[in-house]
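In: Turn this into a model:
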Amino acid sequence: MATDKRPNFLFFIADQLRADHLGCYGNQIVRTPNIDRIASQGFAADRFHVASPICMPNRATLMTGRMPSLHGVRHNGIPLSLHATNFVELLRRAGYRTALVGKSHLQNMTGTPPAWPRDPATRPALEAVADEGNYFQEWKPYWRDRPGHDVELPYYGFATVHLTIDHGDDIEGHYRRWLKARAPDCERLIGPANALPTPGLALAASRQAWRTRLPEALHPIAYCAEMSEAVIEGAARAGEPFFLFCSFAEPHHPFTPPGKYWEMHRPEDVALPRSFRDGANRPPFHVAALRAERDAGRALKHTPQLFACTEEEAREAIALNYGSIACIDDAVGRVLARLAALGLERDTVVIFTADHGDFMGDHQLLLKGPIHYRGLIQAPFVMRDPQAPQAVRSDALCGTLDLAPTILARAGVAEFNGIQGRDLAPIVSGAASTLHAELLVEEEGQRPQVGFEGRVRMRSLVTERHRLSLYDGVASGEIYDLQRDPDEMINLWDDPASASLRAELLLRLAHKMIAMAETSPNPTAAA
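Out: Reported below is the predicted structural model:
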């Protein structure tokens, strides 16, 4: 896959997008022709897993090629150290024009400080950040209340930044300034209070969806497309290789697809996941607890945390999610068309992925949380490399951890010490059928939820055939045979016939956790 000319990189990433919500992964309802074309002209990974199914930890893994337990972003609210080596900074130092368009979420953005149990009388207050630096660059209140607030460049290696902050249509950052310049009355167009009427919409009651008054041309997705085009045009004029990270904040909830995308799919026409009706199978205790809260009318449905949903809510979420995905696909097509018009298509590696999935009705759940069903921990990954074969698919285990070493290798830039992922080139080229024997997925929560007394802390091991999940402080766990039970409806943990399997998987998990611990005496130094 090597070439004398350094390739450009056009890296698309969506926020909270399931792999099976794309046409190239078998979806027969939502149309994603542009993303599908990347797959048909390149490579698609059928078993691409996240390092953590939470935004900040997994995005930090993407940047560093290191697990959350090593780079320190264990859960949302902990920023990635400004001193951590990341592959974008190495590309910038190697002469690449680096640009971020859209969502970053490498620092806290909501305005809500990190929360954890502590007793000020018995222990000192814990600092959110252990090293020096400006960790309020994505802080939403500053962008809202301080007209001159901005990021300090280069920002985690990005020499140019066009930032969006938060989700839905009420988004801050550079986008809000762009929006106000084009629509001075934009405050009357955004948010649930200004939404168009949607009588009968179940998700409206919990403010998980509203019909935005923003026209399609002023939506954050359109902003990402426009700014990406501008970055590519600037790089073409300069004649320099570029790395563009185009990061959509959608289809993450709240669901606000604009214009025609809102009604593109009807809830009654979408299919529920097979596991929505899991019959007599006994769900794990936390899934059962969530369902009990729903059935008793006590479910919390207005927060970012997962909840057990009704069939009506699941269908609405899937339909609106499909609308946002179709909007993203059109934006991807727009940027790809500009790339081709500038004559850069043959010199550019194009990637599309997501930071994690969403339950979207799996096991009667909505959004995301500490239950590692496949719809959450698997993400799409498609890649078109002009120097690689076309129409290659692989079911080799791989994931977010592998992106940094893959891009560095393709750019001809040396890895740094402590990087833990592997170059995807052998499976992208079709030369190899395996990359990892198993993968580790880490998750740590900010606060108690879903029936746990304390913060949820868990680890999952994914092998060629099984998924094992283990929770801190909980005697039981989960084991699923992904070959015989792809919808993960039969938990084998307490099955007497699976006792030896449980012992084997627990041993493999222990060995994997040792293997993924720190091994470098200077993990952020250049190799």
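
In: Which strands and helices lie in contact with the lowest-mean-pLDDT helix or strand in the chain?
Out: Confidence across the helices and strands of the chain bottoms out at strand 438-448, with a mean of 91, counting by mean pLDDT, DSSP states H and E. Under the contact criterion of 3 or more Cβ pairs under 8 Å, 6 or more residues apart in numbering; DSSP states H and E, strand 438-448 touches helix 55-64, helix 68-71, strand 455-463, helix 499-515. Backbone N, C-alpha and C define where each C-beta goes, glycine included.

In: Show me which positions of the longest one end up buried.
Out: Buried positions in helix 499-515, judged by neighbour count with 16 or more other Cβ atoms under 10 Å: 501-502, 505, 508-509, 512.

In: Out of those, which comes closest to Leu401?
Out: Using Cβ to Cβ, Lys512 is the member of these that lies nearest Leu401, at 12.2 Å.

In: got the residue ranges for the strands in the stretch 1-150 of the chain?
Out: 8-15, 43-45, 48-49, 97-103 (DSSP state E, counting those that start in this stretch).

In: Take those strands and write them to CSV, including distance to Leu366, mean neighbour count and mean pLDDT.
Out: Putting the strands of the stretch 1-150 of the chain into CSV (distance: least, Cβ to Cβ, whole Å; neighbours: other Cβ atoms under 10 Å; pLDDT from 0 to 100) gives the following:
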stretch, distance to Leu366, mean neighbour count, mean pLDDT
strand 8-15, 16, 24, 98
strand 43-45, 26, 26, 98
strand 48-49, 21, 26, 98
strand 97-103, 21, 27, 98
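
In: May I see these arranged in TSV, with distance to Arg277 as well?
Out: Shown next, in TSV, are those (distance: least, Cβ to Cβ, whole Å):
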stretch	distance to Arg277
strand 8-15	28
strand 43-45	29
strand 48-49	26
strand 97-103	34
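
In: quick revisit: among the helices and strands packed on strand 438-448, which is nearest His49?
Out: His49 lies closest, by Cβ to Cβ, to one member of those: strand 455-463, at 5.9 Å.

In: can you tell me which helix in this protein is longest?
Out: When the chain is parsed with DSSP state H, its longest helix is helix 311-341.

In: between the helix or strand following it and strand 8-15, what angle do the directions make?
Out: Using DSSP states H and E, the helix or strand that follows helix 311-341 in sequence is strand 348-354. Strand 348-354 runs at 10 degrees relative to strand 8-15, counting by axes from the mean of the first three to the mean of the last three Cα atoms, to 10 degrees.

In: what about the strands in the stretch 201-350 of the chain?
Out: 242-251, 307-308, 348-354.

In: tell me the mean pLDDT for the second one?
Out: Right, the one you point to is strand 307-308. Per-residue pLDDT over strand 307-308 has a mean of 96.

In: Let the chain start at 31 from now.
Out: Yep, numbering from 31; the last one is strand 337-338 now.

In: Tell me which strands that strand pairs with, and in which orientation.
Out: strand 395-396 (antiparallel) (DSSP bridges).

In: And the contacts of the partner strand?
Out: With Cβ atoms under 8 Å, 6 or more residues apart in numbering as the test, strand 395-396 has contacts from 238, 317, 320, 336-339, 343-344, 347, 388-390, 401, 403.

In: Check these against Met413 and report the nearest one.
Out: Among these, Asp388 lies closest to Met413 (Cβ to Cβ), at 22.3 Å.

In: got the phi/psi numbers for that closest one?
Out: Backbone dihedrals for Asp388, given as degrees, to the nearest 10, come out at phi -150, psi 150.

In: So what's the residue count around the residue lying closest to Arg243 once chain neighbours are set aside?
Out: In space, and not counting its chain neighbours, Arg243 is closest to Leu219: 4.3 Å by Cβ to Cβ, 6 or more residues apart in numbering. By other Cβ atoms under 10 Å, the residues close to Leu219 number 17.

In: buried stuff in the longest helix of the chain?
Out: Applying a neighbour-count criterion of 16+ other Cβ under 10 Å, the buried positions in helix 341-371 are 343-366, 368-369.

In: Now do that helix: which elements does it pack against?
Out: strand 38-45, helix 63-70, helix 250-268, strand 272-281, strand 378-384, strand 395-396.

In: how does it look with 7 Å?
Out: Using 3 or more Cβ pairs under 7 Å, 6 or more residues apart in numbering; DSSP states H and E, the elements in contact with helix 341-371 are strand 38-45, helix 63-70, helix 250-268, strand 272-281, strand 395-396.

In: Comparing those, which comes out most buried?
Out: Highest mean neighbour count among those (mean count of other Cβ atoms under 10 Å): strand 395-396, with a mean of 28.

In: That one: what's the following helix or strand?
Out: helix 404-407.

In: now that next one: mean pLDDT?
Out: 98.

In: what comes into contact with that helix?
Out: The contact list for helix 404-407 (Cβ atoms under 7 Å, 6 or more residues apart in numbering) reads 48, 79-80, 83, 386-390, 392, 398, 471, 490, 518.
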